[in-house]
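J.: I'd like to go over a predicted model; first the sequence, then the structure.
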Amino acid sequence: MKNNSINRRKAAQLTDQKINRGEGGETHQIVDSDVAILTTKQGIPVADDQNSLRIGARGPALLEDFHFREKIFHFDHERIPERVVHARGFGAHGYFQNYESQASITRADIFQRAGEKTPAFVRFSTVAGNKGSADLARDVRGFAVKLYTKEGNWDIVGNNIPVFFIQDAIKFPDLIHAAKQEPDRGFPQAQTAHDNFWDFISLTPESIHMAMWIMSDRAIPRSFRFMEGFGVHTFRLINARGKATFVKFHWKPKLGMQSVVWNEAVKINGADPDFHRRDLWAAIQSGNYPEWEFGFQLFDDKFAEKFAFDVLDATKLIPEEDVPIKKIGRLVLDRCVDNFFAETEQVAFCTQNIVPGVDFSNDPLLQGRNFSYLDTQLKRLGSPNFTHLPVNAPKCPFATLQQDGHMALVNPTSRANYEPNSWGGEVGGPRESPERGFMSYPSEEMGPKLRIRAETFADHYSQARQFYISQTDVEQEHIAAAFTFELSKVEALAIRSRMVSHLLNVDKNLAETIGKALRLKTMPKPAEPARPPFTDLKAARSLSILLNARSSFEGRKVGVVVSDGAPADLLNALRQALVEEVATLEVVAPRIGGVEVSDGSWIDADQTISGGPSVLFDSVALLVSDETVSQLINDPSARDFIADAFAHSKFVAYAGAALPLLKAALGDRDLDEGFIEIKAVGDVAGFLKSCRQLRFWKRSVRGTPMK
């Protein structure tokens, strides 16, 4: 007998969709030849996915409804514990390609053959925010790379900043507790502008160097594609003869570095909290694959002994000017995940995952991370078998004698699940390999068993000062403004003063600028250093974003405000020029339906002016008509679009008809050299040449008048 409810369904048209409606008006989509039949997880075909089983149309539900119970059961258990740190992340697949053999310095198989590609998965993330926080929080960015090599998985679990807050992993819980929302109130979330964080930092001088980095523009990157990555710690590379070389790992973005300004970041978080995710997704989907070069910073024991700082101290770096980076390969991301949860959320990175030819150093932060990460994955993913998940499983052959456990997908198939055994052959199972197996570097260690930190870790200000003096005037101004903002949210005056006392050991002008901005009644004395800092370290150009900017607009985006009657020739010329530049154009119109431009053609809009503010773009253009400019002048969103572009030092192209709109938005401000009038098609090239500078920094970032 057929189900009566199926017989009573009526066909209907819902705009572009043909549907069936049940007795209660609910929508039913019936299978046809083009789609699969919906089933339960046990493979049982489902007749009705809209109504639970009940007695009568208005009666109680029945416990025997296995489809409902299975569906709700699975939904109730969809979420796994989010990461304590790096909870908000976004991942993609790709590959690493080796340039040439590095056999002289490492036996790692991945580096033996020129041109060979190794599958990779990369997850970018913020650190402090919860899973639902926004992308443009001021924060460190995780840069974690899983390389599926022929000799097992190698995880390089780093950040976009080369140093860290603490020197010993035993302080990691304290750091994160201080950075997270305060426990008695549950806020603020995804930001460090509160008492607890700066209380901890001000009492932990080793954090001052990292504090300089997170108050710089490095902590608000324009995109994952425009930021560097670092392995942070010192590792060892071991060659086939057993010779060891110290190494630090670096990822250099092909498109160069770029950040946003703080006011822009705040507004991006409101306009598009998924800004970084959307950018990476769009780049890969369009075929503009993000790319980084992988580099080794190589040095030996002799350099480590004479270097002014301890190479095992994670709060210190080695400037590229002292030890240049050797580019040894490239990382390309060319495929988005098929399922966010299965891959990005369930991927498990462990710093302990290294391959033969790579080894750890005695960095105490790294040693602690090697324990912590494995422990974390067991908690999050619920089983030691998290390595069976496809995103975590090696892509090379693997064989262990480990068995059972929650959700075991792979178990030994031979008779022996132990060794040594006498069975031999396949029945006896896998055996160790002294020749190919992982061997730790046989360093000689001796000393008393103590809870102690090396005196060579005690300089907390020298490199913080070096970082600051390495920045341009614009970047230094941003650092001062960031400290001022963060400390203005601190309620305890003693904490504000304590932080300024540390900054006096970094740069006197910086500390006084912040103290004045906070209106401290009395400037504190400089904090007493554990070790007198060096004051003669030279500026390192490699530490600045702006000094390392590439003269290129590749990978960037222009937002073009258009209206009915807009000059079609200029719009088409700009679109074509951006294609050649490998950049993107988005049309911003008064209404999402689009506009009719001067040649009578219809242009669909990508954004509305109210929903696509200028903070979403690297540069902007105003291609409007005389007939419609008055409507835009009366639109607050249009005026904000221009005012923000000006305040954020962006290049602005405009057709002559837009001049009244510019005046309405900017008042009596003069149009500086960052405004480029496009009178004819030939002027487009000049605008794009200017855009390659990315920002017009001569304009005050505070938006004061230009004369």
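T.: Done, it's in.
J.: how close does residue 473 get to residue 574?
T.: According to C-beta to C-beta, to the nearest Å, residue 473 stands 32 Å off from residue 574. For the C-beta atoms, the positions are set from N, CA and C on the backbone; glycine is no exception.
J.: is it true that residue 304 lies in a helix?
T.: Yes: counting by DSSP: H, G, I helix; E, B strand; the rest coil, residue 304 is part of a helix.
J.: show me the contacts for it.
T.: Counting by C-beta atoms under 8 Å, 6 or more residues apart in numbering, residue 304 touches 246, 311.
J.: Distance of it relative to residue 554?
T.: 38 Å.
J.: before we move on, what about residue 535?
T.: 40 Å.
J.: try residue 256
T.: 9 Å.
J.: ok, the two, which is more surrounded?
T.: residue 256 (19 against 14; other C-beta atoms under 10 Å).
J.: which residue packs closest to the more buried one, ignoring adjacent ones?
T.: Sequence neighbours aside, residue 550 is the residue nearest to residue 256 in space, at 3.5 Å (criterion: C-beta to C-beta, 6 or more residues apart in numbering).
J.: Check which residues of stretch 664-678 are buried.
T.: 664, 665, 666, 669, 671, 672, 674, 675, 676, 678 (16 or more other C-beta atoms under 10 Å).
J.: hang on, I meant stretch 93-110
T.: 93-98, 102, 105-110.
J.: Centre of the chain to that stretch, how far?
T.: 25 Å (C-alpha atoms, centre = their mean, to the nearest Å).
J.: right, and the residue nearest to residue 256 touches residue 253 too?
T.: No: Residue 550 lies out of contact with residue 253 (C-beta atoms under 8 Å); the separation is 9.2 Å.
J.: Can you report how many residues neighbour residue 658?
T.: Using other C-beta under 10 Å: residue 658 sits among 28 other residues.
J.: Same question for residue 334.
T.: Residue 334: 14 neighbours (other C-beta under 10 Å).
J.: same check, this time on residue 37
T.: 8.
J.: Tell me which residues touch it, please.
T.: Residue 37 neighbours (C-beta under 8 Å, 6+ apart): 31, 45, 46.
J.: Out of the buried residues of stretch 93-110, which two are the most distant from each other?
T.: 93 and 105 (28.0 Å; C-beta to C-beta).
J.: State the phi and psi torsions of the residue nearest the centre of the chain.
T.: Nearest residue to the geometric centre of the chain (C-alpha atoms, centre = their mean): residue 124, 3.8 Å. Taking degrees, to the nearest 10, you get phi -100, psi 150 for the backbone angles of residue 124.
J.: Now do the same for it: its pLDDT.
T.: Per-residue confidence (pLDDT) for residue 124: 98.
J.: dump the residue contacts of the closest residue to it other than its chain neighbours.
T.: Spatial nearest neighbour of residue 124, chain neighbours left out: residue 224 (4.5 Å); criterion: C-beta to C-beta, 6+ apart. When contacts are counted by C-beta under 8 Å, 6+ apart, residue 224 touches 90, 124, 141, 276, 279, 280, 290.
J.: between those, which is closest to residue 413?
T.: residue 90 (37.3 Å).
J.: That closest one against residue 278, yeah?
T.: No: judged on C-beta under 8 Å, residue 90 makes no contact with residue 278 at a distance of 9.4 Å.
J.: When the two are compared, which one has more neighbours?
T.: Each of residue 90 and residue 278 has its neighbours counted (other C-beta under 10 Å); residue 90 has more, 22 against 15.
J.: Next, give phi and psi for that one.
T.: According to degrees, to the nearest 10, residue 90 has phi -150, psi 130.
J.: Could you give the number of residues near the nearest residue to it once chain neighbours are set aside?
T.: Of all residues not flanking residue 90 in the chain, residue 277 sits nearest, at 4.5 Å (C-beta to C-beta, 6+ apart). Residue 277 has 19 neighbouring residues, counting by other C-beta under 10 Å.
J.: Buried ones in the strand or helix carrying residue 277, by neighbour count?
T.: Per DSSP states H and E, residue 277 falls inside helix 275-285. Applying a neighbour-count criterion of 16+ other C-beta under 10 Å, the buried positions in helix 275-285 are 275, 276, 277, 279, 280, 283, 284.
J.: Tell me the one of those nearest residue 613?
T.: Closest to residue 613, out of all of the buried residues of helix 275-285 and judged by C-beta to C-beta, is residue 275, at 11.6 Å.
J.: isn't that closest one right next to residue 90, touching?
T.: No: with contact defined as C-beta under 8 Å, residue 275 does not reach residue 90; the gap is 10.8 Å.
J.: Quick one: residues contacting residue 629.
T.: Applying C-beta under 8 Å, 6+ apart to residue 629 gives the contacts 563, 657, 658, 660, 661.
J.: if I look at residue 148, how far off is residue 92?
T.: From residue 148 to residue 92 the distance is 14 Å (C-beta to C-beta).
J.: ah, wrong one, I meant residue 345
T.: 14 Å.
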